[in-house]
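[1] Have a look at this fold, sequence not included:
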Ligand SMILES: [Zn+2]
């Protein structure tokens, strides 16, 4: 286009932009995550315990093999980790989609007659789409007396597996910790370091990812206080809100 036409066009566009900016939030304000892809990985599957052969099968986990999955833990009252992870993931998905993100889920059901996917599939999910971030949602099951609080697990630097993502994943972990604290969640008092962060090289879900990734252990389901918050809708909403804010902060 000619210089003059271009100038007129850009003048018109900037005037249009000013007008929409003054009267209503622009589309980027209302949908700040438009164009972004976020993977949510709700830990385990409700029916895993019915399928021991399938979930014990060894799968690649980043230079070594590990069982496909585990059954996950539960509260002392029997509320399953898989259901907690699912409820938070669903709420998180709704919030992220409302902000314009495209959300990819590693599992799309929470059912007793289903199992999987395995950790290798969870770990690779989002790689092909070059997703912007992945969050795995879990609950822990420690029997240590008084153990409570959340911790965020990020991959260590392990060539060639996580060298490309360990720095960005640590940033995502810091943003996640910050936003959970801001919603009143306290960091775990039973994990070495005591700062709510854990760096691990033994998790296939983290090792096989080529996109920034963290695994949240949202609380200790065997602790009465944590269990209360993790099983209530208000608590699950608070987790989802914190994770939404963490993703926004990370992608900003
Ligand atoms: Zn778990």
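    Perfect, thanks for sending it. Because the structure is a prediction, the values reported are computed rather than measured.
[2] C-alpha only now, for contacts and for neighbours.
    Will do.
[3] Look up the closest residue to residue 250, ignoring the ones flanking it.
    residue 172 (5.8 Å; CA to CA, 6 or more residues apart in numbering).
[4] wait, doesn't the one you found sit right on residue 216?
    No. Distance between residue 172 and residue 216: 10.9 Å, which falls outside the contact criterion (CA atoms under 8 Å).
[5] Is residue 135 in a helix, a strand, or coil?
    Three-state assignment for residue 135 (DSSP: H, G, I helix; E, B strand; the rest coil): strand.
[6] what about it, how many neighbours?
    25 (other CA atoms under 10 Å).
[7] any idea how far it lies from residue 144?
    26 Å (CA to CA, to the nearest Å).
[8] what's the answer for residue 37, then?
    The value you get for residue 37 to residue 144, if CA to CA is used, is 38 Å.
[9] Around the ion, which positions in this protein sit nearby?
    Residues of the chain found near the ion (CA under 5 Å from the ion) are 72, 138.
[10] center of the chain, which residue is that?
    residue 135 (1.7 Å; CA atoms, centre = their mean).
[11] just to revisit the earlier point, return the residues in contact with the residue nearest to residue 250.
    By CA atoms under 8 Å, 6 or more residues apart in numbering, the residues touching residue 172 are 212, 213, 214, 246, 247, 250.
[12] The second one contacts residue 204, correct?
    Just to be clear, that refers to residue 213. No. Applying CA under 8 Å, one finds residue 213 not in contact with residue 204, separated by 11.6 Å.
[13] isn't residue 230 right up against residue 224?
    No. The criterion here is CA under 8 Å, and residue 230 misses it with residue 224 at 9.8 Å.
[14] Looking at the two, which is more packed in?
    Just comparing residue 230 and residue 224: by other CA under 10 Å the higher neighbour count belongs to residue 230, 27 against 16.
[15] what is the mean pLDDT for the helix or strand hosting the more buried one?
    Assigned by DSSP states H and E, residue 230 belongs to helix 224-231. For helix 224-231, the mean pLDDT works out to 98.
[16] which residues touch it?
    Residues contacting helix 224-231 (CA under 8 Å, 6+ apart): 75, 79, 84, 148, 149, 219, 220, 221, 235, 236.
[17] Name the residue of the stretch 51-200 of the chain that lies nearest to the ion.
    residue 138 (4.4 Å; CA to the ion).
[18] and that residue, that one's in a strand?
    Yes. Secondary structure of residue 138 (three-state DSSP): part of a strand.
[19] Run through the residues that contact the nearest residue to it once chain neighbours are set aside.
    Distances taken as CA to CA, 6+ apart place residue 217 nearest to residue 138, at 4.8 Å, with adjacent residues excluded. Listed by CA under 8 Å, 6+ apart, the contact set of residue 217 reads 137, 138, 139, 140, 150, 151, 152, 153.
[20] Verify the contact between the first one and residue 219 for me.
    Looking back up the chat, that one is residue 137. No. The criterion here is CA under 8 Å, and residue 137 misses it with residue 219 at 10.4 Å.
[21] coming back round to it: mind checking which of the contacts of residue 172 are in strands?
    Under the assignment DSSP state E, the contacts of residue 172 contribute 213, 214 to strands.
[22] Surely residue 122 forms part of a helix?
    Yes. Per three-state DSSP, residue 122 lies within a helix segment.
[23] ok, so what distance separates it from residue 55?
    Residue 122 is 13 Å from residue 55, by CA to CA.
[24] These two: who's more crowded?
    Taking other CA under 10 Å, residue 122 and residue 55 do not tie; residue 122 has more neighbours (26 against 22).
[25] residues touching that one, list them.
    Here residue 122 is in contact with 41, 106, 205 (CA under 8 Å, 6+ apart).
[26] The protein - how does it break down into domains?
    Using automatic domain parsing, the domain ranges for the chain come out as 1-30, 32-251.
[27] Which of these comes out lowest on mean pLDDT?
    Looking at these, the weakest mean confidence is domain 1-30, a mean of 46.
[28] Can you give me the neighbour number for the residue nearest to residue 47 when sequence neighbours are not counted?
    Using CA to CA, 6+ apart and skipping residues adjacent in sequence, the residue nearest residue 47 is residue 112, 3.7 Å away. By other CA under 10 Å, 13 other residues sit near residue 112.
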